[in-house]
Structure formats: structure tokens, C-alpha cells
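In: Let me see the structure of the following:
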Amino acid sequence: MALKPLGDRLVVKATEAEETTAGGILLPDTAKEKPQQGEVIAVGPGKRLDNGKVEPIDVQVGDRIYYAKYGGTEVTIGGQEYVILRQDDVLAVLEK
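Out: Presented below is the predicted three-dimensional model:
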């Protein structure tokens with residue numbers, strides 16, 4: 001990965017949006033919802049506190065997470081889309 005997040009940020013590879021509904025109806029690109037789930041690809045060192053210490057990030061590379069719907073910044077590198085999020089945008093970690 002050529003992208004190294006800083007501070008309390010992490011890089012997430014978003015899962016693909018659903019192509020069909022539960023009833024089998026195909027969705028056009030304009031009707032697909034923005035994904036809220038992805039896999040953590042890279043993690044920054046953590047948030048620097050007022051006392052100078054660094055608080056480590058709670059998620060690790062490889063974790064599958066749910067994140068805020070409109071949180072983060074979308075970037076494309078090498079044809080692959082990623083989302084750069086702050087740790088505060090992570091809502092939950094999926095247990096394996």
C-alpha cells in the first residue's frame with residue numbers, strides 16, 4: 001500500500017454496493033446506496049493527546065468495520081477505491 005494514514009486516520013476498502021434487492025430486482029447505479037462496510041487496509045499511529053502522548057487506534061489491519069454513511073474522504077489509487085476515515089467515524093467492528 002502506497003498510502004500511509006496519519007494521526008487517528010485509517011484507510012478502508014469499501015465493499016461493493018448491492019446489485020440486486022432481496023426480492024431480486026436489479027438496481028441501476030443511481031439507485032445504489034453508498035456502502036457503509038469495509039475492510040481496514042492501513043492504520044495511522046493514533047491520536048495525539050493534549051499531554052503529548054499518542055492514543056492508539058482500536059481497530060487493526062484486516063478488521064471488517066461499519067462506518068458513518070457520509071464520513072471520510074473517498075480516494076482512488078491504482079483503479080481501486082478507498083475511504084480515508086477518522087477513528088471517530090468507525091461505528092462497529094464485525095466479529096469473525
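In: got the contact list for Ala2?
Out: For Ala2, the contacting residues are Ile77, by C-beta atoms under 8 Å, 6 or more residues apart in numbering. Glycine gets a C-beta too; all of them are placed from N, C-alpha and C.
In: Next: Gly71.
Out: By C-beta under 8 Å, 6+ apart, Gly71 lies in contact with Leu85, Arg86, Asp89.
In: Beta-bridge partners for the residue positioned nearest the centre of the chain, please?
Out: What sits nearest the mean C-alpha location of the chain, by C-alpha atoms, centre = their mean, is Val12, with 3.4 Å. Beta bridges link Val12 to Val40, Val83, judged by DSSP bridges.
In: now Val90
Out: With DSSP bridges as the criterion, Val90 is bridged to Tyr67.
In: Ile65 is in contact with that one, correct?
Out: Yes. Val90 lies in contact with Ile65 (C-beta atoms under 8 Å); the separation is 5.3 Å.
In: ok, how many other residues are close to Leu10?
Out: Per other C-beta atoms under 10 Å, the neighbour tally for Leu10 reads 27.
In: leaving aside the residues next to it on the chain, what's closest to it?
Out: Spatial nearest neighbour of Leu10, excluding adjacent residues (C-beta to C-beta, 6 or more residues apart in numbering): Val43 at 4.9 Å.
In: what sits against the one you found?
Out: Pro5, Leu10, Val11, Ile57, Val59, Gln60, Val61.
In: Please report phi then psi for the fourth one.
Out: In this case it means Ile57. phi -80, psi 140 (degrees, to the nearest 10).
In: That one - how many residues pack around it?
Out: Counted with other C-beta under 10 Å, Ile57 comes out at 20.
In: Could you report the pLDDT at it?
Out: Reported pLDDT at Ile57 in the predicted model: 90.
In: surely it meets Asp89?
Out: No. Judged on C-beta under 8 Å, Ile57 makes no contact with Asp89 at a distance of 11.8 Å.
In: now the strands for the protein?
Out: For the chain, the strands defined by DSSP state E occupy 9-14, 37-43, 47-48, 54-55, 64-67, 73-77, 80-86, 90-93.
In: which of those strands sits most buried?
Out: Comparing the strands of the chain by mean neighbour count (mean count of other C-beta atoms under 10 Å), strand 9-14 comes out on top with a mean of 22.
In: All set now, cheers.
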